[in-house]
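Asks: Need coordinates for the below:
(one chain, ligands or ions: 1)
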Amino acid sequence: MSAIPFLNFEPMHKLIRSEIMQSFQDVYDANWFVMGKKLEAFEKEYAAFNNTNYSIGVSNGLDALHLALKALNVTKGDEVIVPSNTYIATALAASYVGATPVFVEPDPNTYNINPANIEAAITSKTKVIMPVHLYGQACDMDAIMAIAKKHNLFVVEDNAQAHGATFNGKITGSFGNANGTSFYPGKNLGALGDAGAVTTNDESIAKKIAMLRNYGSEKKYHNEEIGFNMRLDEVQAGFLSVKLKHLNEWTKQRKEIAKQYNEALKNVGDLVLPAVHANATHVYHLYVIKTKNRDGLQKHLSENGIGTLIHYPIPPHLQKAYQSLGFKKGSFPIAEELADNCLSLPIWPGMTLDQVNTVAENIKKAFK
Ligand SMILES: *Cc1c(COP(=O)(O)O)cnc(C)c1O
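Replies: Numbering: from 1, shown residues only. The predicted structure is shown next:
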């Protein structure tokens, strides 16, 4: 039995080992650790990759979303539309600025926020729509941008899972007024620790984010606002520059693995495989399947040395942290059905065809 973990960094990290060590050495020898040349370089490179005028490196993805909302002056009493099926960070960012997250159900096929449900959730207090390109697939951004324009709302994309995905040829993280992304190690572009960025085309928003992440100060010891320490350090910025150069190749590999899963798992039991919107691309941060026998399948795979995870077992509206919002089981049935039935299979750049086949064979056995 050859164990297959859910995620394995080794093939990626073996390939870039000497570049990473060189980058670390650069910082070590420069004796400059925060707000320096590595950060400046990475911000330029990531803005170019993301086709935005600006990218501002920050401490992590949650802080990126928080800063984006803060820079748009979203505040107490405002409402922020978020998907009911997402990682809790999306909703937390709204809570951090004192706003209320308003959950909207996903499209039952793509699992991304369903634009058809957004307008019904808009009130006089709504300020922002916050789509999440979940699992790596771009949301229907044409529809979302049209709704935002019609109702005069901001858009803040949560692009933590979808570096490089596109809708109608336009890259995620370049649609909204200010967009947050995460470079948590397991993300498609991952640091070797916590990191994130805000992307925007708006110069004044970019300036504001750059100031807010650094104690509300543009000039050292002159504080314009009550800011934060949410900076991205030189060591991580350098590592991210190294990894960014390989991202397109690694995305290609993720897509290839997904294609292999799609072929191998066609017509197996009641399995539902990932569905991609005709105008969207999917960068497969996660390869998520659905089955009524999810727990049994996960147990079977685990007994055969195959790691899987559930994204996410409890939707935000049923978390204890949000019990004050007053939701209960049944409030958002599509998100709840996903939480009960979805399973994320192993996927990482460098995963071999043999490994994909082993996972698929074990799944087929579980359905026999
Ligand atoms: C990872 C993630 C975040 C938060 O990123 P961190 O860097 O862990 O703070 C936010 N939203 C989504 C959808 C994520 O997957």
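
Asks: how about the residues of the stretch 101-250 of the chain near the ligand?
Replies: Where the stretch 101-250 of the chain comes near the ligand, counting by CB under 6 Å from any ligand atom, the residues are 132, 158, 160, 161, 182, 184, 194, 196. C-betas here are computed from N, CA, C, even on glycine.

Asks: quick one: which of these has the most company?
Replies: residue 158 (31 neighbours; other CB atoms under 10 Å).

Asks: My guess is it contacts residue 129. True?
Replies: No: under the criterion of CB atoms under 8 Å, residue 158 is not in contact with residue 129, lying 10.8 Å apart.

Asks: Flag the shaky bits of the stretch 51-200 of the chain, pLDDT-wise.
Replies: By pLDDT under 70, the stretch 51-200 of the chain has no low-scoring segment.

Asks: re the thing from before, which pair in the residues of the stretch 101-250 of the chain next to the ligand spans the largest distance?
Replies: Farthest apart among those by CB to CB are 132 and 194. That separation is 19.0 Å.

Asks: Can you classify residue 127 as helix, strand or coil?
Replies: strand (DSSP: H, G, I helix; E, B strand; the rest coil).

Asks: hang on, isn't it packed against residue 152?
Replies: No: checked against CB under 8 Å, the pair residue 127 and residue 152 is beyond contact range at 9.6 Å.

Asks: Those two: which is more packed in?
Replies: residue 127 (21 against 8).

Asks: helix or strand for residue 139, which one?
Replies: Using DSSP states H and E, residue 139 sits within no helix or strand.

Asks: List the residues that contact it.
Replies: By CB atoms under 8 Å, 6 or more residues apart in numbering, the contact list for residue 139 reads 112, 113, 115, 131, 132, 133, 157, 167, 172, 280.

Asks: what's the closest non-adjacent residue to the second one?
Replies: Going back to what we said before, that points to residue 113. The spatially closest residue to residue 113, leaving aside those adjacent along the chain, is residue 83, at 4.0 Å (CB to CB, 6 or more residues apart in numbering).

Asks: Now the one you found. Its backbone dihedrals?
Replies: phi -70, psi 150 (degrees, to the nearest 10).

Asks: Residue 364 too?
Replies: Backbone geometry at residue 364, expressed as degrees, to the nearest 10, gives phi -60, psi -40.
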